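Novice: Quick one: sequence and predicted model below, then my questions.
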Amino acid sequence: MTIEIQTDQKAQRWSGRVDGSAVQHLRWHQQIAAQNSQNLNDAVALIGFRSDAGVQRNRGRIGASDGPAALRAALSPMAIHKQRAMVDLGDVVVEGDDLESGQERLANAVAQTLGTGALPIVLGGGHETAFGTGLGLLQHLADNHSTRIGILNLDAHFDLRDEGQRTSGTPFLDLHQEMQEQGLEFHYAVLGISRPGNTAALFARADELGVPYLLDEHCEPEQVSRFVAAFLERIDVLYLTIDLDVLPASVAPGVSAPAGFGVPFERILAACRQVVASGKLAVADVVELNPRYDVDSRTARSAARLIYEIALG
């Protein structure tokens, strides 16, 4: 399998403390360094998407292109308690404003990875990452039109803007249009919506498209569990996308648009665990980490814990 890789060498990206080489001592950097990317069946496959183009077009604060490196650094020292093959397939790099080409390359990488039987986890990048991730899943399932594809977005924003070009605020309207063209039903739900962060027009568009959502202020444990369960019942295969601005700014300061309220970390973690337990998860991404504005790697560490649960939970 080949994807376009424009990164430093793996040894430079993955490093950390070594307590020993036996299974009970292993950390992520050791496990990933030891894996052969030729046999990916049932492996976790990390793909970076280094892009600021969508955030810049959306007039956000740029820096998300450094997110994949920061996420790898936060994941590297984590201990392994469940044996599973893990590989790093490198980064798809968006040069300048060449977003559309980058999204196509990401889609191809995701589709090829899914074809091997692996679980792709994409490390963003702004939320424009989502169009590439979602398109890759559509490509993978192109011959299975009866499969009900669901997109669960943990996010303070709908990202259903109609801008005339792709941005970090348009990916799910872009995917809706793509699915319409393919004759597919659009199953999309958002957990963590900020009422002040979305215009009345965006709420109206969500209603028009039949998008269920849960406001950040309503994200109590039982409500979160019921919301996720109800959505999972409607679909066969799930794409989970996590925009880190769904978390409180105290937990995730290093994002394009820090939350004034946010959903407590433990509620987002519980939603991730519920998704994994369903057995329907096909692909996931974690986006909008902006290391330039992070504090003590707080956002990166929070994101890494979520990735840890998705991969090895």
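Specialist: Nice, I can see it.
Novice: what ranges do the strands span in the stretch 201-313 of the chain?
Specialist: Assigned by DSSP state E, counting those that start in this stretch, the stretch 201-313 of the chain shows strands spanning 213-215, 237-243, 281-287.
Novice: How far off centre is the first one?
Specialist: This points to strand 213-215. Offset of strand 213-215 from its chain centre (C-alpha atoms, centre = their mean, to the nearest Å): 19 Å.
Novice: Show me what it is packed against.
Specialist: Helices and strands touching strand 213-215, by 3 or more C-beta pairs under 8 Å, 6 or more residues apart in numbering; DSSP states H and E, are strand 187-193, helix 221-233. Backbone N, C-alpha and C define where each C-beta goes, glycine included.
Novice: Name every strand pairing with it and say which way it goes.
Specialist: strand 187-193 (parallel) (DSSP bridges).
Novice: could I have the partner strand exported to PDB, CA atoms only?
Specialist: The C-alpha coordinates for strand 187-193 follow below in PDB (Å, rounded to 0.1, in the frame of the first residue of the first chain):
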ATOM      1  CA  HIS A 187     -26.900  10.100   8.500                       C
ATOM      2  CA  TYR A 188     -25.100  12.900  10.500                       C
ATOM      3  CA  ALA A 189     -25.400  13.800  14.200                       C
ATOM      4  CA  VAL A 190     -23.500  16.300  16.300                       C
ATOM      5  CA  LEU A 191     -22.800  16.100  20.000                       C
ATOM      6  CA  GLY A 192     -21.700  19.300  21.900                       C
ATOM      7  CA  ILE A 193     -23.300  22.000  19.800                       C
END
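Novice: who's in contact with it?
Specialist: 148-158, 172, 175-176, 206, 209, 211-216, 219, 224, 227-228, 231, 234-235, 246, 262-263, 268, 271 (C-beta atoms under 8 Å, 6 or more residues apart in numbering).
Novice: picking that back up, want to try CSV for the helices and strands packed on strand 213-215, with mean neighbour count as columns?
Specialist: Shown next, in CSV, are those (neighbours: other C-beta atoms under 10 Å):
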stretch, mean neighbour count
strand 187-193, 26
helix 221-233, 15
